[in-house]
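Novice: Provided below for reference: sequence and predicted model.
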Amino acid sequence: MKKFWIIAACATLVVGMVSCNKVRRSPGRAYMPDMAYSRAYETYASTEALHNKGVNYTGMPVAGTIAKGDMLQVYTLPNDSAGYAQSKNVTNPLPALDAKEFVEAARLYLINCAICHGEKLDGNGPLWKGGDGPFPNAPRNLLTDPVVANMADGTMFHSITYGRNSMGTLWFPINYKATLDDRPLYK
Amino acid sequence: MARKLTLFVLSLVVSSTINTISAQDVAAGKALFMGKCASCHQVLKAGTGPALAGLEGRHKWSDHNELLKWINNPAGYMASDAYTQGLKAQYGSMMSGFPEITLKDVGDIVAYINSAAVPVVDKIPPGGPEPAKGNSNAVIFGVISLILGIIALILMQVNSNLKKMSDDAEGITRPDPVPAYRNKVYIAMAAIIFFVVGGYLVSKGAIGLGRQTNYQPVQPIYYSHKVHAGINQISCLYCHGAAWDSKHAAIPSVNTCMNCHKAINEYVKGPKLYDESGNEINGTLEIEKLYKYAGFDPKNPTKWDPTKSKPIEWVKIHNLPDHVYFNHSQHIRAGKVQCQSCHGEITAMDEVKQVSELSMGWCVNCHRETKVDFNYSEGKGNKFYSIYEKFHNDIKNKKMDSVTVKDIGGLECQKCHY
């Protein structure tokens, strides 16, 4: 009987060790949970506990408040064909970029635009790759395409703000005045 | 005879040239299509404009002259044509005109469309996950130690037998040998080994408490960083742009995903995807999960209302305890640290896992070794460091050759704990 228990214990140990998966799906335990986990509500943390307590918390800004750097409060043309047509009359209120701002403009272009429109502005970024990339529509060649060459600054701003055709809305870099002047980037 | 032959050859040459001229040139058509049409049209799917497959069966387009008139001057053609007016209403905008296109170009483009309209069923290149390599070294070492252990036992047995035989021969009588489990030397040795090994395991486990190295949770959508940041070379900052400006690297909003995935609605061109247990993942279904969160109907893209989208509840992988302050912008913008130096080779991970242990020793070691870009005088570097006059003087007087994060207070408790 004693032998049976020894064998059983060994077998459990072996099975236990074999069944250990190398993929770690749980974060594990903390030594002092009250020091490790925030008592306050952190960024991205669930607010479910507040709801359960009956607190009305929506996580949305108060109606009528303006986010810092929210361009759509300054740029009022709507996202429709009428707004698009009017956008060509919008002029750039900001002075031309200086050398330092060009460096920042180039950085923003390389991060946000070059994946489609190409590092060299030739409309052949890694998402298109001459038709071999995953993007189904050809990005415009920013150097030679007549549509881009004849586009008013304001229309370009409008298109980048709201997106156009297959291009998504890219409002996030336009807090920088760089955008309106991005065409002479490499010239 | 010779003349006849030359005539024959000549006629062959002439007829073949005529053939190449008259034949619709698929390659030229492809070049034209990619250059002029592909911004708005796809062959098999409707995008900004209608899908072009089966074009000749619609409206009057089997007559290339009609097609040419439409392409050269859409506004003029549409004025007297109900079909194209309907198209404008359906897709929301009129096609741009291409007055430079000729009748031959139209033929070439149509030839390309017809050749590309046959869907390729299995575009995904074959190749499963690599078969798990057994850790052969460990097996070999295990077998060798087992054999050595058995040999040692046999030799000990032989040794005791020989001793007994020599004792018998010399007529010495000794008390019966004590069995191993009651031998005090053996027990003492076993106890020491137990305490050393046990102590090692216990302290290792205790140090590991609260650390999450290799943590690799299942995410609500199988999002492959390898496909996005690796194969398609999207910059980390395209999605995690806040890492440049703020404490948090920030999870991109659904809107950021939809910037590209409004158009990319299937996964066909990349390698096959597998989760960590080796199950195959259907990338197109994962994109459809995104559409559910976004409230986006790929059949009705113009009706999408981004304000109705629901955030995706991604599982946070890299967690620091509440009593530690860490700021992304400070590290990647001021310190110019690459994302990969802490997060590992993200561009090769399908499912992201935590590579670094994110322990205090790990932070401090890096702060000891990392050099600060001190050379503001040369036009580059960070102007903030110009206030460290003593270090600048020491560098000038060759008392020190470089300044590390440690020297400017990178090891002080209050930098991260306050």
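Specialist: Everything's here; your move. All values derive from a computational prediction rather than experimental measurement. Residues are numbered from 1 along each chain as shown, chains lettered A, B, ... in the order given.

Novice: pull the number of nearby residues for the residue of chain A found nearest chain B.
Specialist: Of all residues in chain A, residue A:168 sits closest to chain B, at 2.8 Å by CB to the nearest CB. Heads up, the C-betas are built off the backbone N, CA and C, glycines and all. Residue A:168: 20 surrounding residues under other CB atoms under 10 Å in any protein chain shown.

Novice: so who does it touch?
Specialist: Taking CB atoms under 8 Å, 6 or more residues apart in numbering or on different chains as the definition of contact, the neighbours of residue A:168 are B:255, B:258, B:259, B:260, B:262.

Novice: what about dumping the CA coordinates of the host helix or strand of the fourth one to PDB?
Specialist: It refers to residue B:260. Element membership of residue B:260 [criterion: DSSP states H and E] is helix B:254-261. Listed in PDB are the C-alpha atoms of helix B:254-261, where the atom choice follows Å, rounded to 0.1, in the frame of the first residue of the first chain:
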ATOM      1  CA  VAL B 254     -10.600  52.100 -33.300                       C
ATOM      2  CA  ASN B 255     -10.500  55.100 -35.600                       C
ATOM      3  CA  THR B 256      -6.700  54.600 -36.100                       C
ATOM      4  CA  CYS B 257      -7.300  50.900 -37.100                       C
ATOM      5  CA  MET B 258     -10.000  52.000 -39.500                       C
ATOM      6  CA  ASN B 259      -7.700  54.500 -41.300                       C
ATOM      7  CA  CYS B 260      -6.400  51.500 -43.200                       C
ATOM      8  CA  HIS B 261      -8.900  48.800 -42.500                       C
END
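
Novice: that one: what's the following helix or strand?
Specialist: Next element after helix B:254-261 (DSSP H and E): strand B:273-274.

Novice: that following strand pairs with which strands?
Specialist: The sheet places strand B:273-274 alongside strand B:280-281 (antiparallel), with pairing taken from DSSP bridges.

Novice: quick one: contacts of the strand it pairs with?
Specialist: Contacting residues not belonging to strand B:280-281 are listed as B:222, B:272, B:273, B:274, B:275 [CB under 8 Å, 6+ apart].

Novice: hmm, 6 Å instead?
Specialist: Counting by CB atoms under 6 Å, 6 or more residues apart in numbering or on different chains, strand B:280-281 makes contact with B:222, B:273, B:274, B:275, all of which sit outside it.

Novice: and the residue of the stretch 201-350 of chain B closest to chain A?
Specialist: For the stretch 201-350 of chain B, CB to the nearest CB, closest residue to chain A: residue B:259, 2.8 Å.

Novice: leaving out chain neighbours, which residue sits closest to that residue?
Specialist: Nearest residue to residue B:259 in three dimensions, chain neighbours excluded: residue A:168, at 2.8 Å (CB to CB, 6 or more residues apart in numbering or on different chains).

Novice: chain B against chain A: which residues are in contact?
Specialist: Proximity of chain B to chain A (CB under 6 Å from any CB of the partner chain) is limited to residues B:34, B:38-39, B:42, B:47-48, B:209-210, B:212, B:214-217, B:232-235, B:237-238, B:248, B:259, B:263-264, B:269, B:276, B:321-323.

Novice: chain A against chain B: which residues are in contact?
Specialist: Residues of chain A lying close to chain B by CB under 6 Å from any CB are A:23-25, A:27-28, A:30-31, A:35-36, A:38, A:43, A:111, A:115, A:126-127, A:131, A:134-138, A:165-166, A:168.

Novice: out of those, which end up buried?
Specialist: Neighbour-count burial (16 or more other CB atoms under 10 Å in any protein chain shown) is assigned, among the residues of chain A next to chain B, to A:24, A:27, A:30, A:36, A:111, A:115, A:126-127, A:134-138, A:165-166, A:168.

Novice: of these, which belong to helices?
Specialist: Among these, the members falling in helices (DSSP state H) are A:36, A:111, A:115.

Novice: confirm residue B:71 sits in a helix?
Specialist: Yes: when classified by DSSP: H, G, I helix; E, B strand; the rest coil, residue B:71 is found to be part of a helix.

Novice: mind checking how far it is from residue B:97?
Specialist: With the distance defined as CB to CB, to the nearest Å, residue B:71 ends up 7 Å from residue B:97.

Novice: neighbour-wise, which of the two wins?
Specialist: More neighbours surround residue B:71 than the other of residue B:71 and residue B:97, with 23 against 15 (other CB under 10 Å).

Novice: surely the more buried one meets residue B:98?
Specialist: Yes: under the criterion of CB atoms under 6 Å, residue B:71 makes contact with residue B:98 at 5.3 Å.

Novice: low pLDDT regions in the chain?
Specialist: No chain specified, so I'll use chain A. Under the criterion of pLDDT under 70, the regions of chain A flagged as low confidence span A:1-2, A:10, A:14-21, A:69-73, A:171-187.

Novice: the intended chain is chain B.
Specialist: Answering for chain B: the residues below the bar, that is pLDDT under 70, span B:1-24, B:119-135, B:376-381.

Novice: which residue of it lies farthest from its centroid?
Specialist: Farthest-out residue of chain B from its mean C-alpha position, per CA atoms, centre = their mean: residue B:171, at 79.4 Å.

Novice: hang on, the earlier thing: identify the farthest-apart pair in the contacts of strand B:280-281.
Specialist: Distance extremes for those: the farthest pair is B:222 and B:274 at 9.7 Å, using CB to CB.
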